[in-house]
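A.B. asks: pasting a predicted model and its sequence here:
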Amino acid sequence: MQILAEFIKKIAEAKKVCVLTGAGISAESGVPTFRGSGESAVWKGMPVEEISSARMVTENLDEVWEWFDYRREVLKDCQPNHAHRALMLWESRLRENFLLVTQNVDGLHSQAGSRNILELHGNIQRLKCTKGCRLKYEMLPTEIPHSPDICDLCDAPLRPDVVLFGEMLPEGYFEYAVEFTRDCDLFLSIGTSAFVYPAAGLAEVAKRNGAFCVEINPEETPLSDIYDESLRGKAGEILPKLLGIETGHFH
Ligand code: OAD
């Protein structure tokens, strides 16, 4: 895909940038997306909205763990791709004027070296207590199935530290993202189907506040119309070109 020089210049001149990523940015790393191409992720006949729901944690935590351990198994062999790395380099140029808001729980952004990340939906390699105490536990990516199972403090079962359907985002995270986005001059959405709120709403905040809004996605999304530019293609191919980054430097 050819990207206009004028457009690349506009990106290079941006002073404050917010990037929102979704499952599509990790697709080229081998992580399956939830939606796209008319399919939706199904685990043992259950759509993702059901198996990844607050109700399932109460009713069938073992099944939830099976699904998350399966996802961790898939992730074990996945590495950050050119798109993750390009974002890390962009952050190193803009520093505190760059915020990466991700809906992904795969940890690939931090593995690529990004630092200023807001993991809106949590992290799949972390556990927390089902009683809601503040203790969190880290797992090694190779520790499959997960452990430990029980909270040291409450003796209650542990669950993945991710935001499930029917649950609130971690306190203050979205508010911080909105505040940052309000005075951005560039907002870039990468690899998200824009179906899940409040994350999807960040693009609307950016647009209302006058940011130049760009979407990278091989497919149209329900929010495509609000973007100033929609680049149709793969993040790992488009993003380095957009940022003028030579991918030969990446290993
Ligand atoms: P989805 O799986 O809904 O959407 C992935 C998007 O990525 C689709 O629009 C694809 O067209 C696009 N895509 C596929 N390959 C791509 C590539 N190589 N480059 C760029 N884009 C590509 O993922 P999300 O929007 O992240 O929530 O889903 C939002 C939330 O729904 C997830 O965080 C998760 C899920 O259920 C929770 O688990 C709470």
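C.D. replies: Nice, thanks for sending it over.

A.B. asks: assign Cys18 to helix, strand or coil.
C.D. replies: What DSSP: H, G, I helix; E, B strand; the rest coil gives for Cys18 is strand.

A.B. asks: what's around it, how many residues?
C.D. replies: Counted with other Cβ atoms under 10 Å, residues neighbouring Cys18 total 28. Every C-beta, even on glycine, is put in place using the N, C-alpha and C of the backbone.

A.B. asks: separation between it and Leu158?
C.D. replies: 33 Å (Cβ to Cβ, to the nearest Å).

A.B. asks: what's the mean pLDDT across stretch 224-236?
C.D. replies: The pLDDT scores in stretch 224-236 average 96.

A.B. asks: can you give me the buried ones in it?
C.D. replies: Ile226, Tyr227, Glu229, Ser230, Leu231, Lys234, Ala235, Gly236 (16 or more other Cβ atoms under 10 Å).

A.B. asks: repeat that for stretch 148-165.
C.D. replies: Buried residues in stretch 148-165, counted by 16+ other Cβ under 10 Å: Cys151, Pro157, Leu158, Arg159, Pro160, Asp161, Val162, Val163, Leu164.

A.B. asks: likewise stretch 52-63?
C.D. replies: For stretch 52-63, by 16+ other Cβ under 10 Å, it's Ser52, Ser53, Met56, Val57, Leu61.

A.B. asks: stretch 74-81 now?
C.D. replies: Buried residues in stretch 74-81, counted by 16+ other Cβ under 10 Å: Leu75, Cys78, Pro80, Asn81.

A.B. asks: the residue lying closest to the third one once chain neighbours are set aside and Ala199: what is the separation?
C.D. replies: Beyond its immediate neighbours in the sequence, the residue positioned closest to Pro80 (Cβ to Cβ, 6 or more residues apart in numbering) is Ala112, lying 3.6 Å away. Using Cβ to Cβ, we find Ala112 at a distance of 20 Å from Ala199.

A.B. asks: could you do Ile51 as well?
C.D. replies: 19 Å.

A.B. asks: what do you get for Asp106?
C.D. replies: In terms of Cβ to Cβ, Asp106 sits 15 Å off from Ala199.

A.B. asks: equivalent analysis for Leu20, please.
C.D. replies: Between Leu20 and Ala199 the computed distance is 7 Å (Cβ to Cβ).

A.B. asks: which of the two has more neighbours?
C.D. replies: More neighbours surround Leu20 than the other of Leu20 and Ala199, with 27 against 23 (other Cβ under 10 Å).

A.B. asks: which residues are in contact with the more buried one?
C.D. replies: Val101, Thr102, Gln103, Phe187, Leu188, Ser189, Ile190, Thr192, Ala199, Leu202, Ala203 (Cβ atoms under 8 Å, 6 or more residues apart in numbering).
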